[in-house]
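> Provided below for reference: sequence and predicted model.
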Amino acid sequence: MSRARQPPLVTGISPNEGVPWTKVTIRGENLGTGPTDLIGLSICGHNCLLTAEWMAASKIVCRVGPAKDDKGEIIVTTKSGGLGTSTVSFKLLKPERIGILDQSAVWVDELNYYDMRTDRNKGISPLSLRPANPLGIDFDKGKVPLKDLENMFPGMSGDFTSENFSSTWYLIENHSSTGFEHLRVAVGNLKKQASKKNEGSLAYVKGGLSTFFEAQDALASIHQKLESDGTEKVEGSMTQRLENVLNRASETADTLFQEVLGRKDKADSTRNALNVLQRFKFLFNLPLNIERNIQKGDYDVVINDYEKAKSLFGNTEVPVFKKVYSEVETRIEALRKLLMDKLLETPSTLHDQKRYIRYLSDLHAPGDPAWQCIIAQHKWILQLMQNCKEDFIKEQKVGGVGLELDRSSALNRISLSAPVKRGGSFQKPKDDSWHYKSPQQVRFVEKLSDVVISQLPNFWKLWISYVNGSLFSETGEKSSQVEKLKKNARQRQNDFKGMIEEVTRRLVQLVRGALLPSSLTELQLRQYGGWDTKTPLSGCWLTQVIHTVRLSHEALSALEIPNDLLQVIQDLLQDLRVHCLLTTLQHTEEDVKRLAKKEDWVVDNEGITSLPAQFEQCMVQMLQSLKEPMECKSGEINILNLDVVQDKACEQCVSIMKVFIKCLEQLSIKTDGDIDNSNGSGQSKSFSFSLSVDLASPDLFGSIKEDFSSKPEQRLLIILSNCQYLERHTFLNLAEHLEKNGFTTAEKIIRVSTEALRQLDEYLFETYIEKKSDPIVGSLEPGIYAGYFDWKDCLLPTGVRSYLKEALVSIISVHAEVFTISKELVTRVLSKIIEAVAEEMSRLMQCVSSFSKNGALQARLEICALLDAIEPYLTSESRSSFKQALEALPQLQSGADKKLLEELLNKFKSSMKLQLNCFKPASFQPVKR
């Protein structure tokens with residue numbers, strides 16, 4: 001598998017400061033493999049991906065946006081390397097704002113002005129703030145392929161906004177068929193644009209001269225009028241006289257209306273006082289009403305009355321009002337304490353929490369009640385999780401059945417409902433007694449997940465309401481306190497993020513302590529461990545745990561909690577899937593070890609017992625059980641793509657195959673007593689065969705079909721037959737199953753296993769040949785020289801002697817034994833035995849010093865008779881040995897000797913016809929399984 005690339009690293013930016021929309025060049029390492037690989041670019045916290053132009057893996061050009069931060073890092077994100085880092089920073093300069101009537105010495109090129117307000121949703125890059133058609137003539141694109149242009153102009157570009165712009169490339173690409181006259185017009189357009197830009201600043205100065213002159217004339221005119229009218233403030237001037245007249249008129253008016261206005265103010269004051277006393281007479285009954293409404297739980301009425309009293313008497317100086325109002329404040333303070341206690345009380349519903357927070361906000365409670373509630377809920381959730389672990393460990397120590405998961409729990413409600421968001425559906429437990437049968441750790445994970453799923457959603461919703469201000473919106477009050485609470489909520493985002501991280505981390509650590517204790521440190525193990533792990537969980541229970549954790553992850557993802565806060569759960573899932581894979585493989589190895597006890601030695605007509613099929617079934621069931629853990633849900637990776645997991649899985653699979661091969665080897669060397677013990681019976685188990693034979697074929701070995709006790713040689717043959725079937729069928733089927741289930745090392749597993757199987761096959765085959773060929777080969781020399789036979793002094797031969805017939809009968813008995821079990825082994829076994837016989841005959845003939853005429857004829861007769869009998873099973877080695885034996889004999893001199901040899905051979909074939917038919921090919925085919 002390919003290794004992940006290094007994350008991007010920004011090491012330089014030029015320039016390192018500037019105003020918004022400044023064009024900058026970013027340099028660094030691993031900045032992406034191409035434009036499509038660049039998926040994120042931020043400068044000072046502002047997303048600049050829209051303006052980014054990827055140049056190379058070490059260079060990016062973009063424009064700085066209007067970021068809020070004055071100084072910040074440059075962060076590049078790529079598909080191949082992920083989120084990057086920066087060793088430099090950029091300082092954003094705030095430009096001085098210029099009003100519409102203010103004059104500025106900075107020239108603004110309005111021709112290329114880009115309004116972000118009107119073009120916000122048009123997807124136009126600020127890098128392209130230039131005319132789309134700089135030549136000002138129609139495009140006439142040719143048919144030159146882009147690859148050819150890249151080859152013609154290496155390292156250049158046809159984009160006129162690029163630093164590597166090539167005018168030749170641009171003309172070939174956009175105006176390859178444009179006429180010369182049109183190109184001349186285009187040159188004129190370019191000159192006009194250049195002249196406009198050069199004359200821009202001068203034109204601005206010329207246009208402003210008239211404004212300067214008009215202002216100067218206006219100021220001079222005003223000055224002249226002031227001097228001519230004599231409006232300067234000096235004694236006797238016109239301005240002074242006018243001011244005296246106005247002052248006398250004001251004093252006369254005040255004297256006339258002072259008495260009238262005084263009577264009016266007094267009447268208004270009296271009327272207002274009566275209205276106030278009539279309107280707020282409820283103040284004297286307010287303390288008693290507050291007590292009654294608090295007892296009824298009508299907190300809204302209390303708050304409304306308090307707000308009314310506060311608005312009227314909060315700043316009163318009337319002693320009676322102040323005394324009553326102070327009593328009201330005392331009752332309200334007690335109400336604040338009562339509501340705070342109810343708010344921090346656990347457990348409580350989200351609706352009650354929001355209600356109490358709004359009440360406290362309306363009562364202007366000190367501090368931040370919403371944040372205090374969030375802190376209390378966070379501590380309560382952590383305590384629930386810890387109590388869950390302690391309860392289950394206590395149950396485990398006392399040996400109880402533990403706590404059954406409530407049918408109405410959040411986990412069951414989710415699992416029994418429709419497929420949750422962002423994932424597939426999950427299966428529910430098979431029956432009602434399932435929880436009583438499941439291990440303690442499995443039920444603990446389910447209970448723990450149920451605690452998190454039932455509590456964390458309300459916790460998250462409370463935070464969302466806190467951040468967006470909906471906890472305070474219903475009051476309709478826009479006081480400074482409410483605004484301050486909203487500001488505090490926005491500033492505490494990192495604190496709340498830490499709370500969510502702590503909850504998810506605690507969940508993961510508790511699960512690891514129960515199932516993956518080796519992944520925790522000693523300190524963490526003392527806090528989150530304590531489980532009895534003497535009996536490890538099987539693969540099926542680990543699959544159920546993965547099922548539960550996935551369900552929890554999907555339920556939390558549906559709340560739109562950021563993925564980075566849930567990454568620890570993804571990491572836990574990955575470790576659980578790996579642990580489930582390796583545990584299942586280990587348990588499968590144990591199951592395979594026990595297959596030897598299930599061998600019944602009943603063969604079909606191919607000589608195969610049920611053992612290979614049982615082994616294949618065991619492996620297929622193992623792969624089926626791994627289907628759900630190996631399946632990649634949303635956000636998960638294929639664990640078999642991890643090098644370490646792949647190597648361990650391959651090693652474990654090879655170990656399983658070798659364990660089965662070891663079982664075959666142990667079965668081959670078992671004694672009859674071992675077989676009796678393995679079958680749990682004191683009596684000797686009869687060795688039976690299930691042969692499917694064509695009824696039309698001759699029954700050559702009818703006596704062999706009877707039951708007889710299992711012999712070591714027969715067991716060797718059966719295991720040899722099983723070995724052949726494993727190599728030709730079972731291993732190939734398993735390779736297909738392994739590849740189908742994602743095991744990329746299936747070829748290596750089968751190759752290594754096949755090599756081990758062939759070694760066992762060769763060892764068992766040599767063992768069987770040794771047991772069968774040694775007696776036959778050992779009987780040849782004593783048989784030849786029986787009765788003091790001498791090759792130099794012997795009678796004229798009258799036929800094949802008995803020793804050779806006995807050797808043939810022994811070979812026939814081997815043939816019958818092998819043929820009865822597996823026809824496919826006949827040729828392989830007999831060929832090897834005949835090679836040993838041929839080698840022995842060659843040795844015996846070459847050891848004879850000399851032959852008489854009759855001795856040579858007798859030797860040639862017996863060798864030729866043996867050759868004719870076993871001809872179907874001769875190999876190159878055995879033919880060579882027989883040839884050497886014949887070459888050691890004197891040649892026949894007369895035709896009478898040759899005729900006699902032929903007659904004696906025919907006589908031998910006639911007398912041994914029934915026996916020799918055994919060596920002919922079988923007339924029926926075995927029935928395939």
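Now that the structure is in, tell me what you want to look at.

> so residue 537, which of the three states?
Classification of residue 537 using DSSP: H, G, I helix; E, B strand; the rest coil returns coil.

> What's the separation between it and residue 521?
22 Å (Cβ to Cβ, to the nearest Å). Every C-beta, even on glycine, is put in place using the N, C-alpha and C of the backbone.

> what about those two, which has more around it?
residue 537 (22 against 8; other Cβ atoms under 10 Å).

> Spell out, range by range, the strands that occur in the stretch 1-150 of the chain.
Counting by DSSP state E, counting those that start in this stretch, the stretch 1-150 of the chain has these strands, from start to end: 9-14, 17-18, 23-29, 38-43, 46-47, 53-56, 59-63, 71-78, 82-83, 85-86, 89-92.

> average model confidence for the fourth one?
Throughout strand 38-43, pLDDT has a mean value of 91.

> Packing partners of it?
strand 59-63, strand 71-78 (3 or more Cβ pairs under 8 Å, 6 or more residues apart in numbering; DSSP states H and E).

> hang on, residue 80 packs against residue 36?
No - Residue 80 is not in contact with residue 36 according to Cβ atoms under 8 Å; the separation is 10.4 Å.

> Who has more neighbours out of the two?
Taking residue 80 and residue 36 together and counting by other Cβ under 10 Å, residue 80 has the greater number of neighbours (17 against 10).

> Retrieve the pLDDT associated with the residue nearest to that one when sequence neighbours are not counted.
Leaving aside its sequence neighbours, residue 80 sits nearest to residue 5 (Cβ to Cβ, 6 or more residues apart in numbering; 4.3 Å). According to the prediction, residue 5 has pLDDT 73.

> Kindly report the same for residue 66.
Note on residue 66: pLDDT of 84.

> ok, it - how many residues close by?
Residue 66 has 13 nearby residues by other Cβ under 10 Å.

> Can you report phi and psi for it?
Main-chain dihedrals, residue 66, degrees, to the nearest 10: phi -80, psi 80.

> again, but for residue 794
phi -140, psi 160.

> right, and it touches residue 858 too?
Yes - contact status for residue 794 versus residue 858: in contact at 6.1 Å, counting by Cβ under 8 Å.

> Just want to know which of those two has more residues nearby.
More neighbours surround residue 858 than the other of residue 794 and residue 858, with 26 against 17 (other Cβ under 10 Å).

> For that one, which non-adjacent residue is spatially closest?
Spatial nearest neighbour of residue 858, excluding adjacent residues (Cβ to Cβ, 6+ apart): residue 797 at 4.2 Å.

> go on, residue 314?
Nearest non-adjacent residue to residue 314, counting by Cβ to Cβ, 6+ apart: residue 325, 7.3 Å away.

> so that neighbour is in which element?
Per DSSP states H and E, residue 325 falls inside helix 319-344.

> Pull out the buried residues from the next helix-or-strand element following that helix.
As assigned by DSSP H and E, the chain's next helix or strand after helix 319-344 is helix 350-362. Neighbour counts over helix 350-362 (16 or more other Cβ atoms under 10 Å) mark 353, 354, 355, 356, 357, 358, 359, 360, 361, 362 as buried.

> cool, stretch 46-57 as well?
Buried, per 16+ other Cβ under 10 Å, within stretch 46-57: 46, 48, 51, 52, 53, 54, 55, 57.

> Below-threshold pLDDT in the stretch 51-200 of the chain: ranges please.
Scanning the stretch 51-200 of the chain for pLDDT under 70 picks out the ranges 96-132, 141-143, 160-161, 163, 196-200.

> the helices in it, which residues?
With DSSP state H, counting those that start in this stretch as the criterion, the stretch 51-200 of the chain has helices at 146-152, 167-174, 180-229.

> re earlier: quick one: contacts for the residue nearest to residue 80?
30, 33, 78, 80, 81 (Cβ atoms under 8 Å, 6 or more residues apart in numbering).

> doesn't residue 80 make contact with the second one?
Yes - taking contact to mean Cβ under 8 Å, the distance of 5.8 Å between residue 33 and residue 80 places them in contact.

> just how off-centre is the host helix or strand of residue 508 within its chain?
Assigned by DSSP H and E, residue 508 belongs to helix 493-515. Relative to its chain's centre, helix 493-515 lies at 20 Å (Cα atoms, centre = their mean, to the nearest Å).

> What is that helix packed up against?
By 3+ Cβ pairs under 8 Å, 6+ apart, helix 493-515 packs against helix 369-398, helix 440-468, helix 522-528, helix 539-557, helix 567-593.

> Where does pLDDT dip in the stretch 801-929 of the chain?
Ranges of the stretch 801-929 of the chain meeting pLDDT under 70: 921-929.

> rerun at 90
801-809, 811-835, 838, 840-842, 844-863, 865-874, 878, 882-929 (pLDDT under 90).

> Check the stretch 651-800 of the chain too.
Across the stretch 651-800 of the chain, residues meeting the criterion (pLDDT under 90) sit at 651-652, 654, 656-754, 757-761, 763-774, 776-781, 783-800.

> what ranges do the strands span in it?
All strands of the stretch 651-800 of the chain, identified by DSSP E, counting those that start in this stretch, fall at 686-687, 708-709.

> Residue 347 contacts residue 380, doesn't it?
Yes - Residue 347 is within contact range of residue 380, at 7.3 Å (criterion: Cβ under 8 Å).

> In terms of neighbours, single out the busier of those two.
The neighbour comparison of residue 347 against residue 380 (other Cβ under 10 Å) goes to residue 380, with 17 against 11.

> List the contacts of that one.
346, 347, 455.

> Just give the nearest non-adjacent residue to the last one, would you?
Spatial nearest neighbour of residue 455, excluding adjacent residues (Cβ to Cβ, 6+ apart): residue 381 at 4.9 Å.

> and if you look at the first one?
Distance criterion Cβ to Cβ, 6+ apart; nearest residue to residue 346, sequence neighbours excluded, is residue 380 at 4.3 Å.

> quick one, the helix holding residue 325 and helix 350-362 angle?
Inter-element angle recorded for helix 319-344 and helix 350-362: 150 degrees (by axes from the mean of the first three to the mean of the last three Cα atoms, to 10 degrees).

> tell me what helix 319-344 is packed against?
For helix 319-344, the packing partners by 3+ Cβ pairs under 8 Å, 6+ apart come out as helix 286-296, helix 299-313, helix 350-362, helix 369-398.

> quick one: buried residues of it?
For helix 319-344, burial by neighbour count (16+ other Cβ under 10 Å) applies to 321, 324, 325, 328, 331, 332, 335, 336, 339, 340, 343, 344.

> Using JSON lines, please lay out those residues together with pLDDT and distance to residue 528.
Shown next, in JSON lines, are these (pLDDT from 0 to 100; distance: Cβ to Cβ, whole Å):
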{"residue": "321", "pLDDT": "77", "distance to residue 528": "61"}
{"residue": "324", "pLDDT": "79", "distance to residue 528": "58"}
{"residue": "325", "pLDDT": "80", "distance to residue 528": "55"}
{"residue": "328", "pLDDT": "84", "distance to residue 528": "52"}
{"residue": "331", "pLDDT": "85", "distance to residue 528": "48"}
{"residue": "332", "pLDDT": "85", "distance to residue 528": "46"}
{"residue": "335", "pLDDT": "86", "distance to residue 528": "42"}
{"residue": "336", "pLDDT": "85", "distance to residue 528": "39"}
{"residue": "339", "pLDDT": "85", "distance to residue 528": "37"}
{"residue": "340", "pLDDT": "85", "distance to residue 528": "33"}
{"residue": "343", "pLDDT": "83", "distance to residue 528": "31"}
{"residue": "344", "pLDDT": "84", "distance to residue 528": "27"}
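
> Do I have it right that the residue nearest to residue 858 meets residue 859?
No - counting by Cβ under 8 Å, residue 797 sits too far from residue 859 to count as a contact (9.1 Å).

> quick one: which of these two has more around it?
Using other Cβ under 10 Å as the criterion, residue 797 and residue 859 rank with residue 859 on top: 24 against 20.

> Please consider this matter closed, and thank you.
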